[in-house]
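# Sequence and computational prediction follow.
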Amino acid sequence: MSMTLEEVIHETETKMHKAIEAATHDFASVRTGRASTALLDRLLVDSYGQMVPLKQVAGVATPDARTISISAWDRGVVGAIRKAIETSDLGLTPNIDGSTIRLQIPPLNEERRKELVKIVRKKAEDAKVAVRNIRHKGVDELKTLHKATSITEDEQKRAAERIQKLTDRFTKEIDSLVERKEHEILEV
């Protein structure tokens, strides 16, 4: 069962939206000099033999701009939370007080800021590659429709142009996400 022209374009746009959401989520996990609970979104904790997201075993809050507070709902997972933080790429040292874990966010030095900007640019490039791959798949589906004589050559060309415009729009959106994140990282 082949898709219609509009379905191909709609599906392409939907997939590009998802790529942008993934990039936004990825950027949120890059540390800036400010405390943010989003830093811990990707953290998985070993809770009684099962890897679960941190937010399923603890409450996470930012009492001030330089501190993240994690309150384990069960004291039995405090050690697992500590281990997950220490083995992550966050570079933070957990301070444990009963069932509460505090993370101090140190101010970033110039070298670390530049490293983080490089990481963000790499994540952005990955997102752009994903968007281009989605475009490529959409254009291939248009070619398939044309070969099956479901659409004319002109319709195929116009649809391919629409997909290219979507690609350009989402690529610009990624660029503006990068710009905002870089500003956030470089802000002292």
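Nice, thanks for sending it over.
# Show me the strands in the protein, by range?
Counting by DSSP state E, one finds strands in the chain at the ranges 44-47, 50-53, 58-64, 67-72, 94-97, 100-104.
# Residues contacting the last one, please?
When you say that, I think you mean strand 100-104. By CB atoms under 8 Å, 6 or more residues apart in numbering, the list of residues contacting strand 100-104 from outside reads 35, 58, 66-72, 78, 81-82, 85, 90, 92-95. No exception for glycine: its C-beta is placed from N, CA and C like everyone else's.
# will you turn the strands of the chain into CSV that also has mean neighbour count and distance to residue 124?
Below are those laid out as CSV (neighbours: other CB atoms under 10 Å; distance: least, CB to CB, whole Å):
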stretch, mean neighbour count, distance to residue 124
strand 44-47, 19, 24
strand 50-53, 12, 25
strand 58-64, 15, 26
strand 67-72, 20, 25
strand 94-97, 13, 30
strand 100-104, 16, 26
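# Kindly present those strands as TSV, with separate columns for distance to residue 125.
Compiled in TSV, those are given as follows (distance: least, CB to CB, whole Å):
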stretch	distance to residue 125
strand 44-47	25
strand 50-53	27
strand 58-64	30
strand 67-72	29
strand 94-97	32
strand 100-104	29
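# who wins for proximity to residue 158 among the ones you listed?
Between residue 158 and the strands of the chain, the tightest spacing by CB to CB is seen for strand 50-53, at 43.8 Å.
# Contacts made by that closest one with the rest, please.
Taking CB under 8 Å, 6+ apart as the rule, strand 50-53 contacts 41, 43, 44, 45.
# ok, now with 10 Å
40, 41, 42, 43, 44, 45, 46, 47, 56, 77, 80, 84 (CB atoms under 10 Å, 6 or more residues apart in numbering).
# Make JSON lines from the residues you listed and add pLDDT and distance to residue 100 to it.
As requested, the contacts of strand 50-53 are arranged in JSON lines below (pLDDT from 0 to 100; distance: CB to CB, whole Å):
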{"residue": "40", "pLDDT": "83", "distance to residue 100": "14"}
{"residue": "41", "pLDDT": "82", "distance to residue 100": "20"}
{"residue": "42", "pLDDT": "82", "distance to residue 100": "21"}
{"residue": "43", "pLDDT": "86", "distance to residue 100": "16"}
{"residue": "44", "pLDDT": "89", "distance to residue 100": "20"}
{"residue": "45", "pLDDT": "90", "distance to residue 100": "15"}
{"residue": "46", "pLDDT": "88", "distance to residue 100": "19"}
{"residue": "47", "pLDDT": "85", "distance to residue 100": "17"}
{"residue": "56", "pLDDT": "89", "distance to residue 100": "17"}
{"residue": "77", "pLDDT": "88", "distance to residue 100": "13"}
{"residue": "80", "pLDDT": "89", "distance to residue 100": "15"}
{"residue": "84", "pLDDT": "89", "distance to residue 100": "16"}
